[in-house]
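Peer 1: Next input, structure requested:
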Amino acid sequence: GGGGGGGASAGGDDRNHSMSIHSIHNLIHGFMYNLDTGNDAGFAALFTQDAVLELVTLQVVKAGREEIGQLCTMLHTKFKGTQALKGADRVSMGRHHDTFARVDGAWHFATRQVIHTWTAAGGFTIEK
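Peer 2: Sure thing, here's the model as predicted:
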């Protein structure tokens, strides 16, 4: 039947929306998990083939899965022992600005911009 309103139709739309939210939630958590474990292939697979990852504070921009995987390896090596999984001291805090793309039914980062607002080395930062 007809009917306007803002609600989704019974069935698939609500389930698809819920599954998308769940998948994106897992994607965001997978970012830190793979970084903490040094899984560069798993980390890179979270992104689209042509994704861009920017670390604003470090002035680093990586494009494509190969460069993004290499960045994971570098960051994991640099911060080994500070992984969140081990309950270590915090080394940074910040915000992420993300865009997502669905490729072959799976959600991926299309872009991720990491903006650190505090680091153990530099304290609080002020955005420009």
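
Peer 1: Can you name the residues in contact with the longest strand seen in the chain?
Peer 2: Once the chain is assigned using DSSP state E, the strand that runs over the most residues is strand 106-119. Contacts with strand 106-119, where a contact means C-beta atoms under 8 Å, 6 or more residues apart in numbering, come from 20, 23-24, 27, 31, 46-48, 51-57, 91-102, 124-125, 127. Glycine gets a C-beta too; all of them are placed from N, C-alpha and C.

Peer 1: Neighbouring strands - and their directions - for the least confident helix or strand in the chain by mean pLDDT?
Peer 2: For the chain, using mean pLDDT, DSSP states H and E, the weakest element among its helices and strands is strand 123-124, scoring a mean of 82. Applying DSSP bridges, strand 123-124 is found paired with strand 106-119 (antiparallel).

Peer 1: Do a quick rundown of the helices in the protein.
Peer 2: For the chain, applying DSSP state H gives helices covering 12-37, 40-44, 64-78.

Peer 1: Remind me what the last one packs against, helices and strands.
Peer 2: Which is helix 64-78. helix 12-37, helix 40-44, strand 47-55, strand 60-63 (3 or more C-beta pairs under 8 Å, 6 or more residues apart in numbering; DSSP states H and E).

Peer 1: what comes up buried for the first one?
Peer 2: What that stands for is helix 12-37. Across helix 12-37, burial judged by 16 or more other C-beta atoms under 10 Å covers Ile24, Leu27, Ile28, Gly30, Phe31, Tyr33, Asn34, Leu35, Asp36.
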